[in-house]
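A.B. asks: Predicted model and sequence follow; I will ask about them next.
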Amino acid sequence: MAFVAQTFTIPALKGISTKTIEEHLKLYAGYVKHANLVLEKIQDLKQDSEKNAYALGEVNRRFGFEFNGMRNHEVYFKSLEGSPASLSEGSLKSTIAGQWGSSDAWLAEFKAIALTRGIGWAMLFYDPVSKQLLNAWIDEQHFGQLQNCALILGLDMWEHSYVADYQPSGKKQYVEDFFANLNWSVIERNFAEAQK
């Protein structure tokens, strides 16, 4: 079964232009397309897996990049749909406060992670085994994903997500504007789903 690109209804955003979102959505569509192409290639190569062992290994490595690029962007774009909404009193906010002392302390740590040098993602995961939230930096989009953890919030820190609007020196402002545009009700829903 082929992966299908999702559609998103993203309003005008503070600081992040419509043009950047349009280009970013094209990139997302490319991840969906290439995840499907890689799976097709794997099917072809495994017809003679001994002869194609090297090529099969390489395309299997590529699959994680394309697949995670697809899924990470789906979380990112969904979090920008609808109107910006603050983190409400409830399970997510109390869990964050329980682990970090306050939502402000968590946010400061998360923003610091987002400003890591390099390309990748700042992410908030839920670990269903330890029942805790985990902040993480993911290099590119496939090195360092946390095994069996559910992605609650993903902030794309590849240059394509901000350079056209902010220039390289405006990375910090992009992070601030991302949170100004964030629809926390989506993140709260992600957290509720992860706990099921």
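C.D. replies: Yes, it's here.
A.B. asks: use CA for all of it now, contacts and neighbours both
C.D. replies: Noted.
A.B. asks: Quick check: H24 is in a helix.
C.D. replies: Yes - judged by DSSP: H, G, I helix; E, B strand; the rest coil, H24 forms part of a helix.
A.B. asks: Do you know the pLDDT at it?
C.D. replies: For H24, the pLDDT comes out at 98.
A.B. asks: same check, this time on the one 10 residues further on
C.D. replies: Per-residue confidence at H34 stands at 97 (pLDDT).
A.B. asks: same deal with M1?
C.D. replies: Value for M1, per-residue pLDDT: 81.
A.B. asks: Could you report the neighbour count for it?
C.D. replies: 5 (other Cα atoms under 10 Å).
A.B. asks: separation between it and N190?
C.D. replies: 25 Å (Cα to Cα, to the nearest Å).
A.B. asks: next one: N68
C.D. replies: Relative to N190, N68 is positioned 17 Å away (Cα to Cα).
A.B. asks: Give me the phi and psi angles of the residue of the chain most remote from its centre.
C.D. replies: In the chain, counting by Cα atoms, centre = their mean, K51 sits farthest out from the average C-alpha position, at 36.1 Å. The phi and psi torsions at K51 (degrees, to the nearest 10) take the values phi -70, psi -40.
A.B. asks: What's the separation between it and D44?
C.D. replies: Applying Cα to Cα to K51 and D44 gives a distance of 12 Å.
A.B. asks: before we move on, what about G30?
C.D. replies: In this view, G30 and D44 are 21 Å apart by Cα to Cα.
A.B. asks: neighbour count winner among these two?
C.D. replies: The neighbour comparison of G30 against D44 (other Cα under 10 Å) goes to G30, with 16 against 13.
A.B. asks: would you list every one of the strands in the chain?
C.D. replies: Taking DSSP state E as the test, the strands found in the chain are 120-127, 132-139, 150-156.
A.B. asks: With distance to W184 as new columns, can the ones you listed be given to me in CSV?
C.D. replies: What follows is the strands of the chain, written out as CSV (distance: least, Cα to Cα, whole Å):
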stretch, distance to W184
strand 120-127, 13
strand 132-139, 16
strand 150-156, 9
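A.B. asks: can I get the ones you listed in TSV with mean pLDDT?
C.D. replies: Below are the strands of the chain laid out as TSV (pLDDT from 0 to 100):
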stretch	mean pLDDT
strand 120-127	98
strand 132-139	97
strand 150-156	98
